[in-house]
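Asker: Give me a 3D structure for the following:
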Amino acid sequence: SVAKKELDDLERWKEEHKPGPITLVPQRLGGKESEAQARQKQQMMLIQSKYRLKHKREEYVKAKKAAEEAEILKKKTIQREKAQRLEVKKRKQEMQRREMFLEDQNYKTNELLNRLDVGLPKNDSCQIANPGPGSTAW
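Answerer: The predicted model follows:
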């Protein structure tokens, strides 16, 4: 069948393309230090890696804390600016109120003075209707 033929072709191809023998010049590996020294070095690296991890973690926590503080500071600044703007707005409104009050007060005062200058008719003034010989205006 076709599947069997393809499998045979694959096996034949593998045989033809099989890598040849590897020839390496024999050499001593592991460097110039003894096994004890190598183990001691590994132990030191392990201890140092623990400290490095701890240091890295501390740096991460410190950076995170600094970022949070910066965010809080930013929010505080925004709130402070809002409060200052509100304060300025309140002051402006208060000044406008005072100005309006003073204008109104001046208007009323001038109106009263004008009425007094013109001289009101007797029935409008604050006098007794039938002035007797001993009565006076209030």
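Asker: which stretches of the chain have low pLDDT?
Answerer: 30, 119-138 (pLDDT under 70).
Asker: longest single helix anywhere in it?
Answerer: helix 35-118 (DSSP state H).
Asker: counting contacts, what elements does it pack onto?
Answerer: With contacts taken as 3 or more CB pairs under 8 Å, 6 or more residues apart in numbering; DSSP states H and E, helix 35-118 sits against no other helix or strand. The way it works is simple: take the backbone N, C-alpha and C, and place the C-beta from them, glycine included.
Asker: Please state the offset of stretch 96-106 from the chain centre?
Answerer: Centre-to-centre, stretch 96-106 and its host chain are 42 Å apart (CA atoms, centre = their mean, to the nearest Å).
Asker: Same check on stretch 45-54?
Answerer: On the basis of CA atoms, centre = their mean, stretch 45-54 sits 35 Å off its chain's mean C-alpha point.
Asker: got the CA positions of that stretch in PDB?
Answerer: What follows is stretch 45-54, C-alpha atoms only, in PDB (Å, rounded to 0.1, in the frame of the first residue of the first chain):
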ATOM      1  CA  MET A  45      27.000  31.500  44.500                       C
ATOM      2  CA  LEU A  46      23.900  29.900  46.000                       C
ATOM      3  CA  ILE A  47      24.200  32.100  49.100                       C
ATOM      4  CA  GLN A  48      24.900  35.200  47.000                       C
ATOM      5  CA  SER A  49      21.900  34.400  44.800                       C
ATOM      6  CA  LYS A  50      19.700  34.400  47.900                       C
ATOM      7  CA  TYR A  51      21.000  37.800  48.900                       C
ATOM      8  CA  ARG A  52      20.600  39.000  45.300                       C
ATOM      9  CA  LEU A  53      17.000  37.800  45.300                       C
ATOM     10  CA  LYS A  54      16.400  39.500  48.700                       C
END
